[in-house]
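J.: Next come a sequence and a model predicted from it.
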Amino acid sequence: MRHGNLFVISGPSGAGKGTLVARLVREVPDAWVSMSVTTRAPREGEVDGVHYRFASSEEFQQLVACDGLLEWATYGGNCYGTPRATVEEHIARGDQVILEIDVQGGFQVREKFPAAHLVFIEPPSLDVLEARLRGRGTESDEAIATRMETARVELSRKMEYDIRLVNDDLDEAVRALVGYVNEQAEKIRG
Ligand SMILES: Nc1nc2c(ncn2[C@@H]2O[C@H](COP(=O)(O)OP(=O)(O)O)[C@@H](O)[C@H]2O)c(=O)[nH]1
Ligand SMILES: Nc1ncnc2c1ncn2[C@@H]1O[C@H](COP(=O)(O)OP(=O)(O)O)[C@@H](O)[C@H]1O
């Protein structure tokens with residue numbers, strides 16, 4: 001059986017994880033991005049089964065109880081988790097499996113899959129981070145304040161990640177991320 005790689009992409013909300021992962025899947029043909037389950041309400045334009053699987057708290061607790069999640073965490077008062085079965089299938093298929101998850105989840109994955117590659121996406125500064133969050137226009141002022149507090153905690157753990165990429169110039173950050181993923185993929189193929 002072929003075995004793929006597992007990549008965790010973490011970093012503060014607004015650092016650009018979603019933007020980078022969207023570009024990555026266009027450039028790495030065997031990249032596959034896991035769809036998380038969340039109890040957060042959909043934002044305008046978010047579609048169930050496309051951006052997230054949106055679930056009630058009861059549904060989420062059932063998934064936890066039946067060991068259906070590879071990892072899960074509470075972020076900003078909502079639960080987020082990675083469905084286990086699809087991730088395992090895609091690793092077995094030889095894909096480059098991408099989890100865009102928070103720092104708490106990242107370390108749970110490392111416990112279960114020590115070979116996972118942990119990538120930390122950094123903003124150029126906290127001011128730029130806040131400006132990006134405001135510019136995205138998806139969060140209330142209160143939610144932005146909470147995310148900025150969480151960002152400080154997440155940034156304090158960046159040195160525990162395998163690699164840190166500063167997302168300043170977008171094309172440059174995409175190149176670095178694609179380069180890292182391809183390098184790890186080559187090691188497995190080779
Ligand atoms: N642990 C964990 N975190 C997740 C999962 N899915 C998303 N997240 C993280 O939850 C946080 C909030 O996500 P979201 O509400 O979509 O905000 P955004 O990342 O700022 O767009 C981010 O750090 C996500 O990376 C998951 O399945 N597990
Ligand atoms: N390199 C970059 N330069 C400027 N703006 C960026 C860059 N990367 C992402 N953004 C913008 O910053 C905002 C947050 O990016 P997003 O991908 O949603 O972050 P995350 O998924 O980490 O929360 C979005 O409006 C996005 O278009």
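T.: Alright, I've got the coordinates. Ligands and ions are numbered 1, 2, ... in the order given.
J.: ok now do the residue lying closest to residue 146 once chain neighbours are set aside, which residues does it touch?
T.: In this structure, residue 146 finds its nearest non-sequential neighbour in residue 76, 5.6 Å apart by Cβ to Cβ, 6 or more residues apart in numbering. C-beta: built from backbone N, CA, C; applies to glycine. Residues touching residue 76, when contacts are defined by Cβ atoms under 8 Å, 6 or more residues apart in numbering, comprise 40, 143, 146-147, 150.
J.: Out of these, which comes closest to ligand 1?
T.: When the contacts of residue 76 are compared for distance to ligand 1 (Cβ to the nearest ligand atom), residue 40 wins out at 5.1 Å.
J.: picking up where we left off before, now do the residue nearest to residue 146 against ligand 2, distance only.
T.: Relative to ligand 2, residue 76 is positioned 11 Å away (Cβ to the nearest ligand atom, to the nearest Å).
J.: For the chain, just list every one of the helices.
T.: In the chain, the helices defined using DSSP state H lie at 17-27, 57-65, 84-92, 103-112, 126-136, 141-155, 170-189.
J.: what's the angle between the third one and helix 103-112?
T.: Angle between the axes of helix 84-92 and helix 103-112 is 60 degrees (criterion: axes from the mean of the first three to the mean of the last three Cα atoms, to 10 degrees).
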